[in-house]
Structures are given as structure tokens and as C-alpha cells.
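# This is a predicted model, with the sequence first.
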2 protein chains.
Amino acid sequence: MQQVNIEEARKRRYPLGIVLVVSCDRKGKANVMPAGWSMDTSIDPPMWAVSVGRTRYTHKLISQTDEFVVVFPSEKQKEDILYTGTHSGRNVDKFANCNWKPIPARKVRPPLIEDSVACLECKVSGKLDTGDHTIFAGEIVAAHVSQEYKHRVYNVGKRVFKVLINEAL
Amino acid sequence: MQQVNIEEARKRRYPLGIVLVVSCDRKGKANVMPAGWSMDTSIDPPMWAVSVGRTRYTHKLISQTDEFVVVFPSEKQKEDILYTGTHSGRNVDKFANCNWKPIPARKVRPPLIEDSVACLECKVSGKLDTGDHTIFAGEIVAAHVSQEYKHRVYNVGKRVFKVLINEAL
């Protein structure tokens, strides 16, 4: 093993499974950001955690409402992921500008997105500040899948997004 | 979208990038477990987070020492991942029983593993209990890579582990 600078070593983490994090403001207006930094974090109760940059609009929205939806994007959403990651919901309405259809969730206010591989409705049960991000840990209170789209999108590096086959299905 | 039970939706998360979490007891004896639940969690300072089950021996060791090494396993380590995930360091010496060579880290006591895709030395700077797991968030204080092995191992579901190509390199 050869010691290298940390950023060099971190490049070896790809491919990374992408999620979309859907949140909303106090009036119910929805926003969405892509996140490569997310993970399961409990079996019972089922929980999911996501790292959100402290300066992100999504950080402000989740901090206010304690709710978010984790979306595994599908082939159908692939083309718009880069747009949502390079624009802020403070300035643009991403749902209006993306080819995605929001649909009501069952137990939280942020919407699901039609034709996603899966949507997990989450209520924040804990948070941890970590450097320039915050980990929001949410209990999954409802879940949804598409019958048509079954394989997630991954960031394979250099801002390229690809569907990888889930052999577990 | 169709509402389903949560476990059904979570099956759609594969493939999942695997890491090995290396820890050690107060005397310096090392242990290792595989984790599919881990993520980056800060750019500056660089940090990595891992979810560890509350009953795991690794949970006890990291809680005692506040140090761990995150390893991206390589093709060479693939065959022994299942063994480390199905045996406890309380009962067996996993390094003695796996085909892995521990080598000294630079800034923490748990060792690196020879021929890994990358090793990240971490010092715990925060933790969060999440259901039946704890998230340990560690600042990355040193990093190492192999020149020979560059592509990570993924859990593609059903306890099958495969190397996926990192197109970012």
C-alpha cells in the first residue's frame, strides 16, 4: 500500500449509488437534490441516513420540517440528475424544470416521484453534524416501488450516470 | 408507484459498495467486519461514516478506542468477505483465518490490509444512535491505495460479491 493524499484515495469509491432527496418548505413547495452520500442505518426500525451539505437549500428545508423522501432514481430520471445537482431550489423550481412528476406521499409532505425505482418516506429521528455536512437519519414510515423501473442509477465518476443491474431481484 | 412493505422496497438498493471496517481492542488486537452501510460525510475536513450494529463486536471496539480503518476491498479479498460477515471477532481471530495481511497504519492503531483498493485511517469525531445501529463518523487522517488493485467489490445481492469497474480512474 502506498500513502497518498486523501482526495486521491477517495476517487476509488466509484461507482456510487445515487439517491434523490425530496424535501419541502413550510408551505409544501417541494425541492429535490441528488446525493451520492447515503446509506441504510437500521433494520428495526427501518432507517435511512443521508449526508447533506450545510449550505444546501435541502439542509434548510429538512431542518425545518424533519421530513424527506429518499428516491432511487431510474433510467427515466437519469438525464435530469445533473441539473438538480448544479442548481439550487432557492433560485429555481426544479420540479417545474425537470421531466419528473411529483405524486403525493402517504405519511410525509414531500412528494414521491413517478417512475422511480423506489421511494422511501422518512421522518427525521436524529441528526449529527459532520464537518461541512449534517447526517439526517430518518425512520422509513412508508415505501413504494415502480413495477416498470427496477434498476438504480449510479454515479460512475466524472459526472457520468449509469443504470447498473440489480441481480438480487 | 405502488406502496409495498419496506423490506421489499429496500431490496432495490443493490448493488451496494462494500467496505471492511478494521478496529482493534485496547491491547491492539485487530478485528474486521464487512459493511454495506457506509458513506462519505464531509469534504473539509474529509470524513467517512459507517453504520455498525449495536450488538457487533466492532461496535464495542470502536466505542472503546474511537479509531477505525475503512478498507475498500479488492478482487483479492473477495472470497473472504462472507466469512468475516458471518463470524464474530469475539470468538475467532479473523485475520488469522482470512488470507489477508495486516500492515501498520500511520496515525491510528487498527491496521491497514495489504492489496486493498484503498484504506482510509479514521478517528471518530461524532456518533449517532440510529435504531439498532450506531453511525460512527470519522475524520480521515491518512489514506493509502494499492497500485495493483483499483476496483472495489460490491454486494450485488443474495450474498454475491463482485468487482465493478470504476470508470472515474
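On my side now, so go ahead.
# From here on, just use CA atoms for contacts and neighbour counts.
Will do.
# give me the number of residues near residue A:158?
Counted by other C-alpha atoms under 10 Å in any protein chain shown, the residues lying close to residue A:158 total 11.
# which residues of chain A fall in strands?
Assigned by DSSP state E, the strands in chain A fall at A:2-4, A:16-17, A:19-24, A:30-35, A:38-42, A:47-53, A:67-72, A:102-103, A:112-113, A:118-130, A:133-145, A:153-155, A:161-163.
# who's in contact with stretch A:61-73?
Outside stretch A:61-73, the residues that touch it by C-alpha atoms under 8 Å, 6 or more residues apart in numbering or on different chains are A:18-26, A:108-113, A:116-124, A:138, A:152-153, B:13.
# List only buried entries from these.
A:18-25, A:108-113, A:116-124, A:138, A:152-153, B:13 (16 or more other C-alpha atoms under 10 Å in any protein chain shown).
# For the strands of chain A, please prepare a markdown table with the additional fields distance to residue B:69.
Shown next, in a markdown table, are the strands of chain A (distance: least, C-alpha to C-alpha, whole Å):
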| stretch | distance to residue B:69 |
| --- | --- |
| strand A:2-4 | 14 |
| strand A:16-17 | 20 |
| strand A:19-24 | 26 |
| strand A:30-35 | 24 |
| strand A:38-42 | 18 |
| strand A:47-53 | 20 |
| strand A:67-72 | 28 |
| strand A:102-103 | 41 |
| strand A:112-113 | 37 |
| strand A:118-130 | 18 |
| strand A:133-145 | 20 |
| strand A:153-155 | 24 |
| strand A:161-163 | 29 |
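# Tell me which of these lies nearest to residue B:102.
strand A:2-4 (14.0 Å; C-alpha to C-alpha).
# Show me what the closest one is packed up against.
Where contact means 3 or more C-alpha pairs under 8 Å, 6 or more residues apart in numbering or on different chains; DSSP states H and E, strand A:2-4 is packed against strand B:133-145.
# Please see if the strand it packs on touches chain A.
Yes. Strand B:133-145 lies within reach of chain A by C-alpha under 8 Å from any C-alpha of the partner chain, at B:133, B:134, B:135, B:137, B:140, B:142, B:143, B:144, B:145.
# about what we covered before: can the strands of chain A go into a markdown table with extra columns for mean pLDDT?
Formatted as a markdown table, these follow (pLDDT from 0 to 100):
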| stretch | mean pLDDT |
| --- | --- |
| strand A:2-4 | 98 |
| strand A:16-17 | 96 |
| strand A:19-24 | 98 |
| strand A:30-35 | 96 |
| strand A:38-42 | 98 |
| strand A:47-53 | 98 |
| strand A:67-72 | 98 |
| strand A:102-103 | 96 |
| strand A:112-113 | 98 |
| strand A:118-130 | 98 |
| strand A:133-145 | 98 |
| strand A:153-155 | 96 |
| strand A:161-163 | 95 |
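# what about stretch A:159-169, near chain B?
Yes. With C-alpha under 8 Å from any C-alpha as the measure, stretch A:159-169 is seen reaching chain B through A:164, A:165, A:166, A:167, A:168, A:169.
# Give the ChimeraX command for selecting the buried subset of those residues.
A single ChimeraX command selects the buried members of those (16+ other C-alpha under 10 Å):
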select /A:164,166
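# Residue B:91: which of the residues of stretch A:159-169 next to chain B is nearest?
Using C-alpha to C-alpha, residue A:168 comes nearest to residue B:91 of those, at 30.6 Å.
# what's the spacing between that closest one and residue B:119?
Separation of residue A:168 from residue B:119 (C-alpha to C-alpha, to the nearest Å): 28 Å.
# Then residue A:29?
Taking C-alpha to C-alpha, one finds residue A:29 at 42 Å from residue B:119.
# same question, residue A:6
Per C-alpha to C-alpha, residue A:6 is found 10 Å from residue B:119.
# Same check on residue A:153?
Distance, residue A:153 to residue B:119, by C-alpha to C-alpha: 26 Å.
# right, and out of the residues of strand B:133-145 next to chain A, which lies closest to chain A?
Nearest to chain A among these is residue B:144, at 4.1 Å by C-alpha to the nearest C-alpha.
# Can you point out the buried residues in stretch A:44-54?
Buried residues in stretch A:44-54, defined by neighbour count with 16+ other C-alpha under 10 Å: A:46, A:47, A:48, A:49, A:50, A:51, A:52, A:53, A:54.
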